[in-house]
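Enquirer: Here you go, sequence then predicted model.
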Amino acid sequence: MKTNQSIKANLAIIILVIVSAFWHPTITRAESLKSLKLSFMNQTLIKDSKEETVKAPLNLDKLEIEPINEQLHANVSSLKIEIDIDELRQINIARKKALELERKRKEEARRKAEEERKAKEKAQADAKAKELTASKGESLSYDELVAKLNRSLNSTLAGKGDSFAKYATELGIDPYLAVAIVLHETGCKWNCSTLLKQCNNVGGMKGTPGCNGGSYKAFSSLDEGIKAFMNNLYKNYYAYGLTTPETIGPKYAASNTWASQVRAYMSEIEAK
């Protein structure tokens, strides 16, 4: 673009200099027209019989020609030719508009791609949610499952149904079973335990770093604690075919009533 502008400007200069030679008598008396200085706002182009040098960007508003030959300068006190380059300015404006249209086109394409990705993920989540709830005599969409879980979550876990539904559908875990275990371990049916409130431990999991220096593990966020609990349930129980309170209980807790209590919580969740 800059090269084309330079060519157009130089051609205009040549034409104007030739025309000027006819109507400006002092130019015809000059020894040579080869020695001219072309001055722009931030650009200098020096031409003589041997070299041509361009060192700065063109000023597209005004073009000024001044004689540098001593004799020509002596005969001409001032010579100024202004060239209108509105056409070049319009080309630059059109280029900017084209770039802006291209930017908007790419932004729109990215937006549509993101919407399609989310729609695909939502369809997959709905399908998995319906599959997980089919055994309960239901066929809930993902959003319906989240709403149902939220009706049983209170205190610190209020509104966290989406987190449980997300990991349950990803891992293929019964969401009612997962939430029932959490309710039993944390008391979040009413008011969550100190372990959950202070250390984000939703399943009574042990490990390091310890919560307040104890044997139960501390997590940096509630979502991290939920994710760790769901992964633990999958890796240490579901992966070995332990998928009910009765099969999970002997390994998960020492209490003989653990399974029946979790089962009771499951029934409450399903009924809501």
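Expert: Sure thing, it's come through.
Enquirer: as a whole number, average confidence for stretch 221-230?
Expert: Stretch 221-230 comes out with an average pLDDT of 96.
Enquirer: contacts for that stretch?
Expert: Residues outside stretch 221-230 that contact it (CB atoms under 8 Å, 6 or more residues apart in numbering): 156-157, 160, 163-164, 167-168, 171, 173, 178, 182, 196, 199-203, 205, 217, 219. Where C-beta positions appear, they are placed from N, C-alpha and C, glycine not excepted.
Enquirer: Map the structural domains onto the sequence of this protein.
Expert: Domain assignment for the chain by automatic domain parsing gives 2-84, 121-271.
Enquirer: Pick out the shakiest of those, pLDDT-wise.
Expert: Per-segment mean pLDDT for the domains of the chain reaches its minimum on domain 2-84, at a mean of 47.
Enquirer: Please give the number of neighbouring residues around the residue nearest to residue 215 when sequence neighbours are not counted.
Expert: Nearest non-adjacent residue to residue 215, counting by CB to CB, 6 or more residues apart in numbering: residue 206, 5.1 Å away. The number of residues packed near residue 206 is 11, by other CB atoms under 10 Å.
Enquirer: Residue 264 now?
Expert: Around residue 264 there are 15 other residues, counting by other CB under 10 Å.
Enquirer: Over to residue 123?
Expert: By other CB under 10 Å, 12 other residues sit near residue 123.
Enquirer: any idea how far it is from residue 169?
Expert: Using CB to CB, to the nearest Å, we find residue 123 at a distance of 12 Å from residue 169.
Enquirer: how about the helix or strand encompassing residue 227: buried residues?
Expert: Residue 227 belongs to helix 222-236 when elements are defined using DSSP states H and E. Applying a neighbour-count criterion of 16 or more other CB atoms under 10 Å, one finds 222, 225-230, 233-234 buried in helix 222-236.
Enquirer: Format the residues you listed as JSON lines; extra columns: distance to residue 114.
Expert: Converted to JSON lines, these look like this (distance: CB to CB, whole Å):
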{"residue": "222", "distance to residue 114": "27"}
{"residue": "225", "distance to residue 114": "29"}
{"residue": "226", "distance to residue 114": "26"}
{"residue": "227", "distance to residue 114": "24"}
{"residue": "228", "distance to residue 114": "29"}
{"residue": "229", "distance to residue 114": "30"}
{"residue": "230", "distance to residue 114": "26"}
{"residue": "233", "distance to residue 114": "31"}
{"residue": "234", "distance to residue 114": "29"}
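Enquirer: Between all of the residues you listed, which two are at the greatest distance?
Expert: Farthest pair in the buried residues of helix 222-236 (CB to CB) is 222 and 234. Separation: 18.9 Å.
Enquirer: ok, for residue 154, nearest residue in space, not its chain neighbours?
Expert: Using CB to CB, 6+ apart and skipping the chain neighbours, the partner closest in space to residue 154 is residue 188 (5.9 Å).
Enquirer: Then residue 238?
Expert: residue 173 (6.1 Å).
Enquirer: Got phi/psi on the residue nearest to residue 205 when sequence neighbours are not counted?
Expert: Excluding the flanking residues, the one nearest residue 205 by CB to CB, 6+ apart is residue 217, at 5.2 Å. Backbone dihedrals for residue 217, given as degrees, to the nearest 10, come out at phi -70, psi 140.
Enquirer: so who does residue 217 touch?
Expert: By CB under 8 Å, 6+ apart, the residues touching residue 217 are 199, 201, 205-211, 228.
Enquirer: Please list only the buried members of those residues.
Expert: 199, 201, 205, 211, 228.
Enquirer: coming back round to it: can I get the contacts of residue 217 in JSON lines with distance to residue 260?
Expert: Compiled in JSON lines, the contacts of residue 217 are given as follows (distance: CB to CB, whole Å):
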{"residue": "199", "distance to residue 260": "28"}
{"residue": "201", "distance to residue 260": "23"}
{"residue": "205", "distance to residue 260": "22"}
{"residue": "206", "distance to residue 260": "23"}
{"residue": "207", "distance to residue 260": "27"}
{"residue": "208", "distance to residue 260": "32"}
{"residue": "209", "distance to residue 260": "33"}
{"residue": "210", "distance to residue 260": "30"}
{"residue": "211", "distance to residue 260": "28"}
{"residue": "228", "distance to residue 260": "26"}
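Enquirer: ok, those vs residue 131, which is closest?
Expert: residue 228 (24.3 Å).
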